[in-house]
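S.K.: model the following, please.
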Amino acid sequence: MSNKNTSEIKFLIELDENRVPEKLMWSAKDGGVEQEEAKAIMLSIWDSKAKESMRIDLWTKDMPVDEMKIFFHQTLVAMSETFKRATDDEKMADTMKDFCDYFAEKLDLTK
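M.R.: Model (predicted):
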């Protein structure tokens with residue numbers, strides 16, 4: 001008999017009367033995270049049967065636009081790094097990083 005490990009990540013979303021997120025909380029006990037507040041969540045899930053991705057994109061109504069731009073930039077950079085690790089396609093990963101640099105430049109995110 002095999003010992004299977006499981007891990008759980010939970011999201012708690014508090015909504016206003018119009019079902020707009022007011023508060024986002026997340027927990028990942030294995031990572032030492034318990035009811036931490038967040039201002040935005042982007043989650044992608046691959047449906048291998050339908051060969052398509054499903055997404056959950058949420059942000060609170062008080063998420064500052066300047067922080068949203070930084071969040072997107074950091075997410076794009078992370079996606080390029082994940083793409084490299086997942087596919088070993090260095091050329092495309094470099095192209096994606098070039099776009100991230102362009103994105104940061106156009107939004108004046110560079111320091």
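S.K.: tell me the SS of the residue nearest to residue 110 when sequence neighbours are not counted?
M.R.: With sequence-adjacent residues excluded and distances taken as CB to CB, 6 or more residues apart in numbering, residue 110 is closest to residue 104, at 5.2 Å. (Each C-beta comes from the backbone N, C-alpha and C, glycine too.) Three-state assignment for residue 104 (DSSP: H, G, I helix; E, B strand; the rest coil): helix.
S.K.: tally of neighbours for residue 104?
M.R.: 18 (other CB atoms under 10 Å).
S.K.: and if you look at residue 34?
M.R.: Neighbour tally, residue 34, other CB under 10 Å: 11.
S.K.: which residues does the residue nearest to residue 20 when sequence neighbours are not counted contact?
M.R.: Closest residue in space to residue 20, ignoring its immediate chain neighbours: residue 61 at 5.4 Å, by CB to CB, 6+ apart. Contacts for residue 61 (CB atoms under 8 Å, 6 or more residues apart in numbering) come out as 16, 20, 21, 22.
S.K.: again, 10 Å this time
M.R.: Applying CB atoms under 10 Å, 6 or more residues apart in numbering, we find residue 61 in contact with 16, 18, 20, 21, 22, 39.
S.K.: residue contacts, the fifth one?
M.R.: Under the criterion of CB under 10 Å, 6+ apart, the contact list for residue 22 reads 13, 14, 15, 16, 60, 61, 62.
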